[in-house]
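Asks: Got a predicted model here, sequence first, then my questions.
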Amino acid sequence: MADNGDEAPFPAMAPEGVEELSEEAMDKQCVLKQEASDAIENGKLDVALEKLTEAICLGAPSALIYCRRADILMKLDRPRAVVNDCTAALGINPDSGKAYKLRGKAFKKLEKWEEAHIDFQTGLKLDYDEDTEDAAKEVEVKAKELKAAVVKQRVAGEEKAFQDELKANKEKYEAGLRAREGEFAEQKTKEEEEKRQKEEERKQRYNAGASEPGASDGDSSGVPKSHAPGGGNFEPHDCWKEGPNTGGSAEDVD
């Protein structure tokens, strides 16, 4: 059931399952409808509403009787109840131009511009009249303004979502850069430490080798003097020497 908002409760609807009235019930319904018409002529809208509600509650109401009650409800400034009755009328007769136009007026009263525009256009196609045409033009302007506002709001929301996504992606990218910079710095520090340790180990090996016994007996090249040519006191035997100016060898001397 539709929401009655701050209005009085909706008038009672027809009972379900009653599709046909007895002759007696039909006669009573006709009497009630006539009494409602008389009350309207006398300006007694509340009485007319009561009589039509009684007629509807007998069952098997027509779309027209719902429209008649909706018309009274509109005059009593109960637009939500009008929407409720017109919707019931259209459930009985989907081609009721009067129901569409009355519901369009109710939606206009409720400032539901898009719904009013749709109902007016449909009602005018089924049953044209100039008064409804004038109302429909006013509603059409409002509906277009509302649609434009909705589109603008949607576009603004989409733009904000896009900018938020860009910002999030930028922050994520920058966070990734910072993380990689930290990894690079850590790797560089590690490499420098390994290099320092290797240099330290090389110096330690060098110092350990220089302090071993006998390491000072050699020259700066590391070769022991006893093995170097001319490094000792050895003299060749005289018999290996050539005699002076004899032109012979040591073997020719007696």
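Replies: On my side now, so go ahead.

Asks: Just the helices from the stretch 51-200 of the chain, written as ranges.
Replies: 63-75, 79-92, 97-109, 113-126, 130-210 (DSSP state H, counting those that start in this stretch).

Asks: And the contacts of stretch 121-128?
Replies: Asp95, Ser96, Gly97, Lys98, Ala99, Tyr100, Lys101, Gly104, Thr132, Glu133, Ala136 (C-beta atoms under 8 Å, 6 or more residues apart in numbering). All C-beta atoms are positioned from the backbone trio N, CA, C, and that covers glycine.

Asks: please redo it, this time with the cut-off set to 10 Å
Replies: 90, 94-105, 129, 132-133, 135-136, 139-140 (C-beta atoms under 10 Å, 6 or more residues apart in numbering).

Asks: quick one: buried residues of that stretch?
Replies: By 16 or more other C-beta atoms under 10 Å, the buried positions in stretch 121-128 come out as Thr122, Gly123, Leu124.

Asks: From Lys152, how far off is the residue with the shortest distance to the centre of the chain?
Replies: In the chain, the residue lying closest to the centroid (C-alpha atoms, centre = their mean) is Ala161, at 7.0 Å. Between Ala161 and Lys152 the computed distance is 15 Å (C-beta to C-beta, to the nearest Å).

Asks: Please apply the same query to Ala210.
Replies: Ala210 is 86 Å from Lys152, where distance means C-beta to C-beta.

Asks: repeat for Arg180
Replies: Here Arg180 is placed at a distance of 42 Å from Lys152 (C-beta to C-beta).

Asks: Please apply the same query to Gly104.
Replies: 26 Å.

Asks: who has more neighbours, those two?
Replies: Gly104 (27 against 10; other C-beta atoms under 10 Å).

Asks: Quick check: the more buried one touching Ala135?
Replies: Yes: using C-beta atoms under 10 Å, Gly104 makes contact with Ala135 at a distance of 7.3 Å.

Asks: Give the intersection of the neighbour lists for the two.
Replies: Common neighbours of Gly104 and Ala135 (C-beta under 10 Å, 6+ apart) are Ala116, Phe120, Leu124.

Asks: Compute the inter-axis angle for the lowest-mean-pLDDT helix or strand in the chain and helix 97-109.
Replies: One helix or strand of the chain scores below all others by mean pLDDT, DSSP states H and E: helix 130-210, with a mean of 86. Following axes from the mean of the first three to the mean of the last three C-alpha atoms, to 10 degrees, one obtains 50 degrees for the angle between helix 130-210 and helix 97-109.

Asks: Output the contacting helices and strands for helix 130-210.
Replies: When contacts are defined as 3 or more C-beta pairs under 10 Å, 6 or more residues apart in numbering; DSSP states H and E, helix 130-210 sits against helix 97-109, helix 113-126.

Asks: mind giving me the domain split of the chain?
Replies: According to automatic domain parsing, the chain comprises the domains 23-111, 129-207.

Asks: Dump the ones you listed to JSON lines, plus distance to Gly17.
Replies: JSON lines is the format used below for the domains of the chain (distance: least, C-beta to C-beta, whole Å):
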{"stretch": "domain 23-111", "distance to Gly17": "8"}
{"stretch": "domain 129-207", "distance to Gly17": "35"}
